[in-house]
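S.K.: Give me a model of this one.
(2 chains)
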Amino acid sequence: MVSVQESEYWRWPETVWVDESRNWQDAEVISCGIDLGSVSTQAVIVADGELYAYASMRTGTSSSASSEKALNAVLEKIGDMKREDIHYIVGTGYGRVSVPFANKTITEIACHGRGAVYVYGNTVRTVLDMGGQDLKAIKIDSRGKVINFLMNDKCAAGTGRGIEVVCDLLSVPITEVGDMSLKVEEEPEPVSTTCVVFAKSEILGLIRKGWNREMILAAFFNAVSSRVVELLERVGVEADFAITGGISKNVGVVRRIENKLNMKALEPKVDPQLAGAIGAALFARALYIKSRK
Amino acid sequence: MVVAGIDVGSKMAKVVIMDADRNILSYVMARTGTDHRETSETVLGEALEKAGLKRDDLEKIVATGFGKISVPFADDEVTQVIAAGRGAYFVRPSARTVIEVGAEESRAISLDENGNVRDFALADKCAAGAGSFVDAMIRYLEVTPEEFGQLALQATRAIPMNAQCVVFAESEVVSLLHSNVPKAEISRAIHDAIADRVIAIARRLDIRDDVLLIGGLANDIGFIESMKRELGKEVYVPEDYPPELIPAIGAALSAVQGVR
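M.R.: Numbering: from 1, shown residues only, chains lettered A, B, ... in the order given. Predicted structure coming up:
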């Protein structure tokens, strides 16, 4: 494990989890999804269509090493499962071509649609995926099939990476910035830019003006949520609406998106950052079953 | 009569001391730092000292730049567009299109034959077409700014860069380095990408000769070459003064004009 230094406020908790109440050996099909994102990598094991275990870790400089690391972490947690026990593996995410052991790769749009139905139930129709370096607004049907989508992948403004930079600037851990931003009496004007590079000088300017951290975070998340709502409105938001990706855990961003849309986001059944990898694992299961017929 | 023009940018603060006949008596450039007010005081003091003058000798101070509000002792302010346009006309009267690439913004200004601003276009929401993009890239390539510009000239082929964002470009540069692409080719790719973005802004105006390049990035030989190539025409840079000083010269000229 990498040692966590106190100064690394951006560092979000890495998790490895296994469902202790079940025995994977009872399952007919073991499938795996690997979502190799720009900032985080998720490896998910699905036993007969149900989430069984996962690892969520930071993506390192090598994509293939990151996917190996995440898969090894989850297998180690399970204990008695070997790589050969997995029937089918699907890679997704921006680094999906670098998952050396994947049987197939599928785009993250398709995987997030499919995974969102698992995480939020089959009423979800609009999925907003807020990732490390991009934003996606996806419309799906009741089976999670993608009907339409829009992507913001040319600019890191309003993405997880931008929030990490702000955490370091303000010395507030990433798990706390959301709550902290809600502790303002009145919502401040949004910052004028959410560019990761410029946000730095703009925020330093606000600190000099005497703004406290709550106000600065509120102004930043206010701008981020406006940017996201613009994207959502271009694709058209339909109830039910859900957020996936790492930022879905930031209440400061989520509440502000909800307020601007005048719509409540669905409550997730499992960690919404796993949606892409769960979708991939569910596709893997279907592909395996199809291959046996 | 002596005046001062002061331009407080996001990265550098510049001061020009000028006499009534528009002779530049001295100039000073320094990193802006975190306290704009203190920096502007210090830079002005240094410029006066270099010219052998005292604060009381100054008849008028005109400020410009994004930090102009942090110059409490300024008598007047002038917009960055007007300051850049005036300064450009002063150093090159034949200039009709002025392209300024600063640390955090780039702008294109169209001038008439008298040096008046006809039209302008700005980009200040994205760092991809600005100097801070270069700062990020040289950190990744581990070269000096001078080497970075020179490297681009040694490239034997043009490779395209997909990233349009500093954050994405960093990962792209890292993966290019990992695939053993020579630094010269990466440098050229970065310069071409910035030139593309800057030219897209300039194309919102009608680009007319002479094209004068100002701002910090005009010191970068690799960037000048990319601009020439992508624009398909000659691009000039100021000869007698640093290219990032031009708006401060413009502010000083505004002070002279106002005093007269």
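S.K.: okay, which residue of chain B is out on the far edge from center?
M.R.: B:S179 (33.5 Å; Cα atoms, centre = their mean).
S.K.: Could you pull up the residues touching the residue nearest to the spatial centre of chain A?
M.R.: In chain A, the centroid-proximal residue (Cα atoms, centre = their mean) is A:G245; its distance is 1.7 Å. By Cβ atoms under 8 Å, 6 or more residues apart in numbering or on different chains, the residues touching A:G245 are A:L128, A:D129, A:M130, A:G131, A:G160, A:P272, A:Q273, A:A275, A:G276. Just so you know, the C-beta spots here come from the backbone N, C-alpha and C atoms, and that holds for glycine as well.
S.K.: From those, which land in helices?
M.R.: A:G160, A:A275, A:G276 (DSSP state H).
S.K.: which among those residues gets closest to chain B?
M.R.: Distances from chain B to the ones in helices among the contacts of A:G245, taken as Cβ to the nearest Cβ, are shortest for A:G160 (10.6 Å).
S.K.: looking at it, the closest one is touching A:D134, isn't it?
M.R.: No - applying Cβ atoms under 8 Å as the test, A:G160 and A:D134 come out as separate, 9.3 Å apart.
S.K.: Neighbour count for the two, which is higher?
M.R.: Using other Cβ atoms under 10 Å in any protein chain shown as the criterion, A:G160 and A:D134 rank with A:G160 on top: 26 against 23.
S.K.: pLDDT score assigned to that one?
M.R.: If you check A:G160, the pLDDT there is 91.
S.K.: so what's the residue most central in space within chain B up against?
M.R.: With distances taken as Cα atoms, centre = their mean, the residue of chain B nearest its centroid is B:G215 (1.1 Å). Contacts for B:G215 (Cβ under 8 Å, 6+ apart) come out as B:I99, B:E100, B:V101, B:G102, B:S106, B:G131, B:P243, B:E244, B:I246.
S.K.: Those residues in strands, which ones?
M.R.: Using DSSP state E, the subset of those located in strands is B:I99, B:E100, B:V101, B:S106.
S.K.: and B:S94, how many neighbours does it have?
M.R.: 11.
S.K.: Give me the nearest residue to it, chain neighbours excluded.
M.R.: Using Cβ to Cβ, 6 or more residues apart in numbering or on different chains and skipping the chain neighbours, the partner closest in space to B:S94 is B:D210 (4.8 Å).
S.K.: Can you show me the helices along the stretch 1-150 of chain B?
M.R.: B:36-51, B:80-91, B:131-141, B:145-153 (DSSP state H, counting those that start in this stretch).
S.K.: now the ones you listed in CSV, with distance to chain A, mean neighbour count and mean pLDDT?
M.R.: Listed next are the helices of the stretch 1-150 of chain B as CSV, based on distance: least, Cβ to the nearest Cβ, whole Å; neighbours: other Cβ atoms under 10 Å in any protein chain shown; pLDDT from 0 to 100:
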stretch, distance to chain A, mean neighbour count, mean pLDDT
helix B:36-51, 8, 19, 93
helix B:80-91, 16, 25, 97
helix B:131-141, 5, 20, 90
helix B:145-153, 17, 18, 95
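S.K.: and of those, who's closest to B:A189?
M.R.: Nearest of the helices of the stretch 1-150 of chain B to B:A189, taken as Cβ to Cβ: helix B:145-153 at 8.6 Å.
S.K.: Can you pull the residues of the stretch 51-200 of chain B lying near chain A?
M.R.: B:104, B:124-127, B:132-133, B:136, B:164-168, B:171, B:174, B:178 (Cβ under 8 Å from any Cβ of the partner chain).
S.K.: which phi and psi does the residue nearest to the centre of chain A have?
M.R.: phi 90, psi 170 (degrees, to the nearest 10).
S.K.: what does A:A265 give?
M.R.: phi -80, psi 150.
S.K.: where's it relative to A:V16, distance?
M.R.: Distance of A:A265 to A:V16, given as Cβ to Cβ, to the nearest Å: 27 Å.
S.K.: Same question for B:A158.
M.R.: 45 Å.
S.K.: more neighbours, these two?
M.R.: Neighbours were counted for B:A158 and for A:V16 using other Cβ under 10 Å; A:V16 has more, 17 against 12.
S.K.: And the strand or helix carrying the more buried one, what does it pack against?
M.R.: Using DSSP states H and E, A:V16 maps to strand A:15-18. Judged by 3 or more Cβ pairs under 8 Å, 6 or more residues apart in numbering or on different chains; DSSP states H and E, strand A:15-18 is in contact with strand A:50-58, helix A:63-78.
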